[in-house]
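In: missing the sequence, but the structure's below:
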Ligand SMILES: Cc1cc2nc3c(=O)[nH]c(=O)nc-3n(C[C@H](O)[C@H](O)[C@H](O)COP(=O)(O)OP(=O)(O)OC[C@H]3O[C@@H](n4cnc5c(N)ncnc54)[C@H](O)[C@@H]3O)c2cc1C
């Protein structure tokens, strides 16, 4: 069981900044995110895109902003659970909460801050009959632990950055790598696409262009994958793992079942401190809604600052909060 003052659901830019604001008030944070990496939409959807509306940065690449935010919160030693989605939230008799993830991880927290963006990202699954029977039995839609593919025969499918990046990475550790893509050009970064073409020319991977996943076979675990070419002729590849990478789409998911007031897939909050209708639960960033709401990183940062001032009274009910600038004591004392 993980014990913390504040459990932050979502490790996007707003969840990360909440660690900073909470840390200034000496509150410990644990973050949990359904994705295997930190950074929310910025790392998952647009890591290389420049952002122009962060104060103090005329321009900053999305991933660079996340990397800098991680440096900024280092003094507060936040802890993380990645690749797990919070499914259940229970309010306990003493007013604190128990959160349970889809993998059974339990977190006990005095306050919950939902910084869940557009909800949890769920994989877009290809329409291949019986694919769901092999989920967790050789079929995965995200790479959580690349080492688990060492010495395996891996088939990837897709044409975006994830498919290219993992093909390049797994070429070094897997026994055999095949990439299937429906077109003959890639949506992902040109530099990565070139690397994949080079690996294919060197015979280090098998590249099947203008091809589609058509069937999956196996007895309990996946062992063979059917692929059709442009003339719809099906051939088969022996494989230990299949990784379809067709992008992720956000879904509100289990948050809808936690007794919160929801309006059009967003959590209604009080604009005084971004508290929800459940005492001790706050919602900040893209996941919340109120009159005039703007889904911008900058607005989420502001919400994190005000939320922390109110969260303090749940974590330290007997202490009086006195407002200080960071320059008063510096942040080194934390
Ligand atoms: C293409 C694009 C360009 C953009 N450009 C800009 C820009 O230039 N400037 C700007 O200010 N904004 C921009 N935005 C918007 C900006 O990305 C969002 O405002 C910002 O990401 C919100 O941050 P967040 O931390 O609230 O949520 P997110 O970044 O969405 O992170 C939320 C995290 O919560 C996790 N999560 C959700 N539910 C659960 C659960 N039940 N359990 C565990 N984890 C969960 C998700 O996996 C996700 O990682 C852009 C958005 C897009 C799509």
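Out: All right, it came through fine. For clarity, every value in this text was computed on a predicted model and none was experimentally measured.

In: Is residue 122 located within a strand, as I assumed?
Out: Yes - if the criterion is DSSP: H, G, I helix; E, B strand; the rest coil, then residue 122 is within a strand.

In: how deep is it tucked in, by neighbour count?
Out: 14 (other Cβ atoms under 10 Å). Every residue, glycine included, has its C-beta placed from N, CA and C.

In: which residues does it bridge with?
Out: Here residue 122 sits in beta bridges with residue 249, as judged by DSSP bridges.

In: Show me which residues of the stretch 201-334 of the chain are close to the ligand?
Out: Applying Cβ under 6 Å from any ligand atom, we find that the stretch 201-334 of the chain lies next to the ligand at 253-255, 285-286, 295-298, 300.

In: check contacts around the residue in the stretch 151-300 of the chain that the ligand sits nearest to.
Out: For the stretch 151-300 of the chain and the ligand, the shortest gap (Cβ to the nearest ligand atom) falls at residue 285, measuring 2.2 Å. Neighbouring residues of residue 285 by Cβ atoms under 8 Å, 6 or more residues apart in numbering: 10, 12-15, 115-117, 300, 303-304.

In: Can you select the buried ones among the residues you listed for me in PyMOL?
Out: Entered in PyMOL, the line below selects the buried ones among the contacts of residue 285, by 16 or more other Cβ atoms under 10 Å:
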select buried, resi 10+12+13+14+15+115+116+117+300+303+304
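
In: Narrow the contacts of residue 285 to those in helices?
Out: Among these, the ones falling in helices (DSSP state H) are 13-15, 300, 303-304.

In: wait, which of those residues is closest to the ligand?
Out: Among the ones in helices among the contacts of residue 285, and counting by Cβ to the nearest ligand atom, the member closest to the ligand is residue 14, at 3.3 Å.

In: So residue 28 sits against residue 4, correct?
Out: Yes - using Cβ atoms under 8 Å, residue 28 is in contact with residue 4, at 5.4 Å.

In: what about stretch 40-47, near the ligand?
Out: Yes - legend: contact between stretch 40-47 and the ligand by Cβ under 6 Å from any ligand atom is shown at 40-42, 45-46.

In: got a list of what whichever residue of the stretch 51-200 of the chain sits closest to the ligand touches?
Out: Nearest residue of the stretch 51-200 of the chain to the ligand: residue 117, at 1.8 Å (Cβ to the nearest ligand atom). Shown in contact with residue 117 (Cβ under 8 Å, 6+ apart): 10, 12, 14, 40-41, 250, 285-287.

In: all helices of this protein, in order?
Out: Applying DSSP H to the chain gives helices spanning 13-24, 40-44, 62-73, 161-173, 190-201, 297-315, 326-329.

In: Let me have these in TSV, extended by mean pLDDT.
Out: As requested, these are exported to TSV (pLDDT from 0 to 100):
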stretch	mean pLDDT
helix 13-24	97
helix 40-44	91
helix 62-73	97
helix 161-173	93
helix 190-201	96
helix 297-315	97
helix 326-329	65
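
In: Pick the most buried one from those helices.
Out: The highest average neighbour count among those, using mean count of other Cβ atoms under 10 Å, belongs to helix 13-24 at a mean of 26.

In: could you check the angle helix 62-73 makes with it?
Out: Computed by axes from the mean of the first three to the mean of the last three Cα atoms, to 10 degrees, the angle separating helix 13-24 from helix 62-73 equals 10 degrees.

In: can you tell if helix 13-24 touches the ligand?
Out: Yes - for helix 13-24, a contact with the ligand is found by Cβ under 6 Å from any ligand atom, at 13-15.

In: helices or strands next to that helix in the packing?
Out: Helix 13-24 sits against strand 2-9, strand 29-33, helix 40-44, helix 62-73, helix 297-315, with contacts defined as 3 or more Cβ pairs under 8 Å, 6 or more residues apart in numbering; DSSP states H and E.

In: any chance you could map the strands in the stretch 101-250 of the chain?
Out: In the stretch 101-250 of the chain, the strands defined using DSSP state E, counting those that start in this stretch lie at 106-114, 120-123, 153-157, 176-180, 206-208, 212-219, 221-228, 234-238, 241-244, 248-251.
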